[in-house]
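Undergrad: Turn this into a model:
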Amino acid sequence: MDRSAQPTWRILVVDDEPDLVDVVCGGLGYEGWQTRGATTGREAVEIAAAWRPHAVVLDMMLPDLDGMEVLRLIHRERPEVRVLFLTARDTVEDRIAGIAAGGDDYVTKPFSLAEVAVRLRGLLRRAEPPAAGGPPEHALVLGDLVLDEQAREVTRGGTPVELSPTEYALLTHLMQHPRQVLSKAQLLEAVWSYDFGGQAHVVELYISYLRKKVDAGRPAMIHTVRGAGYLIKAAV
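TA: As a prediction, the model looks like this:
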């Protein structure tokens, strides 16, 4: 197979067993696809929001959210994402429940990597191929906000957003944790490497700079959670 001619699909692999995630990611990477892994439902939802996978290999039994809830949250933002369930339960009721919830297919544990790849290939043939003019593969994407980590460029709705190095670092950290409240202390440590202590005004100042550039004249994406910190999420 000439893998260089194949679309570069992005596949998110979600299972509570890290070793299994690594094995599946490695096998799918051999197909020429990009992969990322998650071991909890909440981590999967965050990665899906920022990375925008074309398909998700999703365990139905996770330690925090079950697979059905993860599917619902991902499809709320991106209903076109294909979902291949992994399940240890091979009953008709479980299979029907997964498909009825919006899943596209399933494999039963234990499974072979070849079977997972074949089933994903079938699902992806029915999906739109990655657009050549779409966001770069190494970009963080949240709604109409795109941050290209390689080119260090930011656009919103296709319009360039010019940021200083510190503003860029702050936005990057926020977009790496979508819909997650980050305290001033956490932002100071991540962006400025400061221990928290009397520097809250620095965070407040740069958040205000970002809002003027990212949210100016558009629906707000950067939000203050009073007494807790800040978060970024796609505009409604």
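
Undergrad: Tally up the residues packed near Ser112, please.
TA: The number of residues packed around Ser112, counting by other CB atoms under 10 Å, is 10. C-beta: built from backbone N, CA, C; applies to glycine.

Undergrad: Repeat that for Glu43.
TA: A total of 18 residues lie near Glu43 under the criterion other CB under 10 Å.

Undergrad: can you check Met221 too?
TA: Here the number of neighbours of Met221 (other CB under 10 Å) works out to 24.

Undergrad: same thing with Arg218?
TA: 14.

Undergrad: Spit out the contact partners of it.
TA: The contact partners of Arg218, taken as CB atoms under 8 Å, 6 or more residues apart in numbering, are 156-157, 235.

Undergrad: Excluding chain neighbours, what is closest to Val73?
TA: No, residue 73 isn't Val; it's Leu. Val45 (4.8 Å; CB to CB, 6 or more residues apart in numbering).

Undergrad: can I have the helix or strand hosting that neighbour written out in CSV, keeping just the CAs?
TA: Using DSSP states H and E, Val45 sits within helix 41-51. Taking C-alpha atoms only, helix 41-51 is exported to CSV below (Å, rounded to 0.1, in the frame of the first residue of the first chain):
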residue,chain,number,x,y,z
GLY,A,41,-13.5,10.3,29.4
ARG,A,42,-12.8,13.9,30.3
GLU,A,43,-9.3,13.8,28.8
ALA,A,44,-10.9,12.4,25.6
VAL,A,45,-13.4,15.2,25.4
GLU,A,46,-10.7,17.9,25.9
ILE,A,47,-8.4,16.4,23.3
ALA,A,48,-11.3,16.0,20.8
ALA,A,49,-12.3,19.7,21.2
ALA,A,50,-8.7,21.0,20.6
TRP,A,51,-7.4,18.4,18.2
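
Undergrad: tell me what that helix is packed against?
TA: Applying 3 or more CB pairs under 8 Å, 6 or more residues apart in numbering; DSSP states H and E, one finds that helix 41-51 contacts strand 10-14, strand 34-38, strand 55-59, helix 67-77, strand 139-142.

Undergrad: helices or strands up against the shortest one?
TA: Packing partners of strand 139-142 (3+ CB pairs under 8 Å, 6+ apart): helix 41-51, strand 145-148, helix 165-175.

Undergrad: Same question for the second one.
TA: Under the contact criterion of 3+ CB pairs under 8 Å, 6+ apart, the helices and strands touching strand 34-38 comprise strand 10-14, helix 18-30, helix 41-51.

Undergrad: quick check: angle from that strand to strand 55-59?
TA: Taking axes from the mean of the first three to the mean of the last three CA atoms, to 10 degrees, one finds that strand 34-38 is oriented at 30 degrees with respect to strand 55-59.

Undergrad: quick one: strands adjacent to strand 34-38?
TA: The partner list of strand 34-38 in its sheet, established with DSSP bridges, is strand 10-14 (parallel).

Undergrad: can you check the last one too?
TA: Sheet pairing of strand 139-142 (DSSP bridges) gives strand 145-148 (antiparallel).

Undergrad: Could you give me the buried positions within stretch 64-78?
TA: Across stretch 64-78, burial judged by 16 or more other CB atoms under 10 Å covers 65, 67-68, 70-71, 73-75, 77.

Undergrad: Quick check: what element follows the worst-scoring helix or strand of the chain on mean pLDDT along the chain?
TA: Between all helices and strands in the chain, the lowest mean by mean pLDDT, DSSP states H and E belongs to helix 92-100, at a mean of 64. Following the chain from helix 92-100 toward its C-terminal end, the next helix or strand by DSSP H and E is strand 105-108.
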